[in-house]
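Visitor: Dropping the sequence and predicted coords here.
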Amino acid sequence: MKATHFGATIILGAALLMTPVAGFAAGAQDQAVADAVESLRVAMVAGDGAAMGRLLHDHLSYGHSDGHVDSKAKLIGDLTSHKEFQSLTLSEQSVDVVGDTAVVRHLFDAVNLHADGSTTPAHIKVLQIWRKENGAWRLLARQATKAPS
């Protein structure tokens, strides 16, 4: 009986020791995805095509709140041909990593800058799907919908 109790104690102790490591790994992956989301936000505001190219998946499907969908090349072309955003902030963000895929949701508040100098606000809800390939997180899909005022 003592040997069984001792064996169970060792197994339980090993499981407890491994739990923080698993939690740390999940937290680190969540943070890596959040960092990629922030890097993309900064690149979009700056119109930095090279940075966007590294962060966007080659098979990107980028859905806007009005229903139209852009490819990687179209989105980068639009965001680098003229300054699109006067400001862009993300809030209420959640990140859920499942293996090599991450689901990100947030509110997207921007002031869009038009060629004539006029601006319009955007307040939308966004769902993003990120995929980890070769150690890097890349945006595979995004869909936006109008957020309630």
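Guide: That came through, no problem.
Visitor: Tell me where this structure has strands.
Guide: Taking DSSP state E, the strands of the chain run over residues 56-63, 69-70, 85-98, 101-113, 119-133, 136-146.
Visitor: who are the neighbours in contact with the one residue sitting closest to the centre of the chain?
Guide: Per CA atoms, centre = their mean, the C-alpha nearest to the average position across the chain is that of V37, at 4.0 Å. Applying CB atoms under 8 Å, 6 or more residues apart in numbering to V37 gives the contacts 90, 93, 95, 104, 106, 128, 130. All C-beta atoms are positioned from the backbone trio N, CA, C, and that covers glycine.
Visitor: so where is the protein shaky, pLDDT-wise?
Guide: Within the chain, the segments meeting pLDDT under 70 span 1-26.
Visitor: Could you rerun that using 50?
Guide: The model of the chain has pLDDT under 50 over residues 1, 6-24.
Visitor: Tell me the buried residues in stretch 85-95?
Guide: Residues of stretch 85-95 classed as buried: 85, 88, 90, 93, 95 (neighbour count, 16 or more other CB atoms under 10 Å).
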